[in-house]
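S.K.: coords please:
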Amino acid sequence: MMNKRKFLKGFLSLAGVVTAPVAAGRVARHTRSPSPLIQTSPLAGFQHYEGERLWPKMHPGDRLKLRHVPSNPYDNRAVEIRWNGNMIGYLPRHENTAISQMLDRGETLYGILVEKYETDNLWQRIKLEVWHDLNGFAMVSKGHESEQGGRGYV
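M.R.: Numbering: from 1, shown residues only. As a prediction, the model looks like this:
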């Protein structure tokens with residue numbers, strides 16, 4: 001169920017009204033107001049990639065890059081998450097359909113590492129937000145087809 005604050009924030013953003021993040025510290029590294037928040041998700045697959053090694057260097061507010069990887073043998077809607085060029089996991093399978101379609105359309109999306117948790121439950125180690133960049137915040141090149149068959153912003 002969508003809460004009233006998220007609904008109003010998204011609605012006002014679509015109407016061209018820039019809104020400030022709800023919790024100032026969550027996206028402290030933004031220098032301009034971000035565009036609409038698309039979703040908040042845990043990071044899937046953390047234990048299989050570079051997450052554990054990079055854990056001490058990662059901080060809330062860090063930017064994350066998203067890339068649709070339709071050639072993924074387990075999920076053709078897989079959305080890879082990268083931190084400073086390093087693969088750290090994926091959006092969960094049950095939450096990646098809209099994001100993969102948006103990346104395929106060439107829409108500019110980016111992630112923000114929202115929270116880190118010291119827990120043994122690897123599905124709850126990192127919480128991230130996916131933002132739609134309508135204001136040119138991401139300042140990255142348009143999506144492209146990579147040699148690995150992925151579409152996105154790497």
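
S.K.: every contact and neighbour count from this point should use C-alpha atoms.
M.R.: Noted.

S.K.: tell me the mean pLDDT over the helix or strand containing residue 53?
M.R.: Assigning secondary structure by DSSP states H and E places residue 53 in helix 51-54. Helix 51-54 comes out with an average pLDDT of 85.

S.K.: what helices and strands are in contact with it?
M.R.: Applying 3 or more C-alpha pairs under 8 Å, 6 or more residues apart in numbering; DSSP states H and E, one finds that helix 51-54 contacts strand 86-90.

S.K.: which parts of the strand it packs on are buried?
M.R.: 87, 88, 89, 90 (16 or more other C-alpha atoms under 10 Å).

S.K.: the second one touches residue 81, doesn't it?
M.R.: Right, the one you point to is residue 88. Yes - using C-alpha atoms under 8 Å, residue 88 is in contact with residue 81, at 6.0 Å.

S.K.: can you show me the helices along this structure?
M.R.: Using DSSP state H, the helices of the chain run over 4-14, 51-54, 97-104.

S.K.: and these, which one is worst for confidence?
M.R.: Per-stretch mean pLDDT for the helices of the chain is lowest at helix 4-14 (a mean of 54).

S.K.: what does the helix holding residue 53 contact?
M.R.: 46, 87, 88, 89 (C-alpha atoms under 8 Å, 6 or more residues apart in numbering).
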